[in-house]
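1. Predicted model, plus sequence, below.
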Amino acid sequence: MTTGPARGGRRGRTARRLALNGAGLLVALFAAFPVYWMIATSLKPSGEIFASTPRPVPAEPTLEHYRQILTGNLIPGVTFTDFFLNSVLVAAATVLLSGLVALLAATAVARFRFRLRTSFLIMLLVVQMIPLEALVIPLFLMIQRLGLYNTLPSLILTYLGFSLPFAVWMLRGFVAAVPRELEEAAAIDGANRAQIFRRILFPLVAPGLVATSIFSFITAWNELIFALTFVNRQDRYTLPVAMTFFFGRDDTAWGPVMAASTLFTLPVIVFFLLVQRRMAAGLITGAIKG
């Protein structure tokens, strides 16, 4: 027979669990509401957007704003798809290069002892403390001297420089956590350095590599200041720059703005969902092999 204190304790735990779940649900709804409002507004006709009493749900949903931005030209001769492809190219190149360079640098820092190793790690932290706005002019002059002005590689190199310190510092911890005995055992079995790196170290460091790729992707995808400064050719603008063309001096096309913002957000969500599954798989694999 269940005693009174035990039953009361069980009820208390149930009440706390319900309270925590309710609080989590409220936080999730609060965070998701701006996204929902953006999508709902993108589906409203222009007359409904500027109605005196806004509706939370579109009364007459329409895809007119999406058709307008996908088939129209924000700039003569340049479409929204061109801006989208530029952003995809810059973000993908930044993610791949930062992951490769950061993994090699983190392996060197974590596995080898060399002069100025501590100074190198301190420099990584110092770089993260410098405001990005303070680097616009020096980087602009450097890009001009390298002959990369008005090119997408100028943005790739810039975003690579900003994402590498964080990536190297984070991956260093993952590499240092891999037991050296695994590499030594593989070497005894006849594996060379490339095989040890590919079959032992890389699978165990994959979760950290995925986490840094998320940071690098968001940095390259959302950045505006350098994209607006280093590129002056309209056919090479990225999406953040293209978004500014929806805002006029006297008026703002809120329907196309919300439609473009929805399309602008979707790749980030899709990328995160895909990478999140791989991160969970990498963590499980690392735990089993470790």
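-> Everything's here; your move. Here the structure is a predicted model, which means the values were calculated and not measured.
2. what's the single longest helix in this protein?
-> helix 4-42 (DSSP state H).
3. so what does that helix touch, helix or strand wise?
-> helix 254-289 (3 or more Cβ pairs under 8 Å, 6 or more residues apart in numbering; DSSP states H and E). Bear in mind the C-beta positions are built from the backbone N, C-alpha and C, glycine included.
4. quick one: average pLDDT of the longest helix of the chain?
-> For helix 4-42, the mean per-residue pLDDT is 81.
5. could you point out which element follows it?
-> Next helix or strand after helix 4-42 toward the C-terminus (DSSP states H and E): helix 46-49.
6. List every C-alpha atom in that next one, with coordinates, as CSV.
-> Presented in CSV, the C-alpha positions along helix 46-49 are these (Å, rounded to 0.1, in the frame of the first residue of the first chain):
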residue,chain,number,x,y,z
SER,A,46,-0.4,43.7,-49.6
GLY,A,47,-3.8,45.0,-48.5
GLU,A,48,-4.0,42.6,-45.6
ILE,A,49,-0.4,43.4,-44.5
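7. buried residues in it?
-> Within helix 46-49, the residues that count as buried by 16 or more other Cβ atoms under 10 Å are 48-49.
8. quick one: that helix to chain centroid distance?
-> 33 Å (Cα atoms, centre = their mean, to the nearest Å).
9. Against which helices or strands is that helix packed?
-> Right, helix 46-49 is packed against helix 254-289 by 3+ Cβ pairs under 8 Å, 6+ apart.
10. let's see it at 10 Å
-> helix 4-42, helix 64-71, helix 254-289 (3 or more Cβ pairs under 10 Å, 6 or more residues apart in numbering; DSSP states H and E).
11. tell me the angle of the first one relative to helix 64-71?
-> This points to helix 4-42. In terms of direction (axes from the mean of the first three to the mean of the last three Cα atoms, to 10 degrees), helix 4-42 departs from helix 64-71 by 60 degrees.
12. If you count neighbours, what's buried in helix 4-42?
-> Buried residues in helix 4-42, counting neighbours by 16+ other Cβ under 10 Å, are found at 38, 40-42.
13. And the shortest one, by the same measure?
-> Along helix 64-71, these residues count as buried under the neighbour rule (16+ other Cβ under 10 Å): 65-66, 69.
14. Tell me the one among those nearest to Phe84.
-> The closest of the buried residues of helix 64-71 to Phe84 turns out to be Ile69 (Cβ to Cβ; 10.2 Å).
15. where's Ala59, which helix or strand?
-> Here Ala59 is assigned to no helix or strand, by DSSP H and E.
16. Same question for Phe202.
-> helix 202-222.
17. Now do that helix: which elements does it pack against?
-> By 3+ Cβ pairs under 10 Å, 6+ apart, helix 202-222 packs against helix 80-111, helix 152-177, helix 239-243, helix 254-289.
18. that older thread, wait, which of the helices and strands packed on helix 46-49 is closest to Ser154?
-> The closest of those to Ser154 is helix 254-289. By Cβ to Cβ, the value is 21.6 Å.
19. Looking at Leu89 now. What's its pLDDT?
-> Confidence score, pLDDT, at Leu89: 94.
20. From Val205, how far off is it?
-> Distance from Leu89 to Val205, counting by Cβ to Cβ, to the nearest Å: 26 Å.
21. more neighbours, those two?
-> For Leu89 versus Val205, neighbours defined as other Cβ atoms under 10 Å are more numerous around Val205 (23 against 17).
22. If you drop the residues flanking it in sequence, what lies closest to the more buried one?
-> Nearest residue to Val205 in three dimensions, chain neighbours excluded: Phe174, at 4.6 Å (Cβ to Cβ, 6 or more residues apart in numbering).
23. The one you found contacts Leu204, doesn't it?
-> Yes - counting by Cβ atoms under 10 Å, Phe174 does reach Leu204; the two are 7.4 Å apart.
24. Count the residues that sit near Leu209.
-> The burial count for Leu209: 23, using other Cβ under 10 Å.
25. show me the contacts for the nearest residue to it once chain neighbours are set aside.
-> Residue nearest to Leu209 in three dimensions, not counting chain neighbours: Gly99, with 5.5 Å by Cβ to Cβ, 6+ apart. Gly99 is in contact with 163-164, 167, 171, 209-210, 212-213, 216, counting by Cβ atoms under 10 Å, 6 or more residues apart in numbering.
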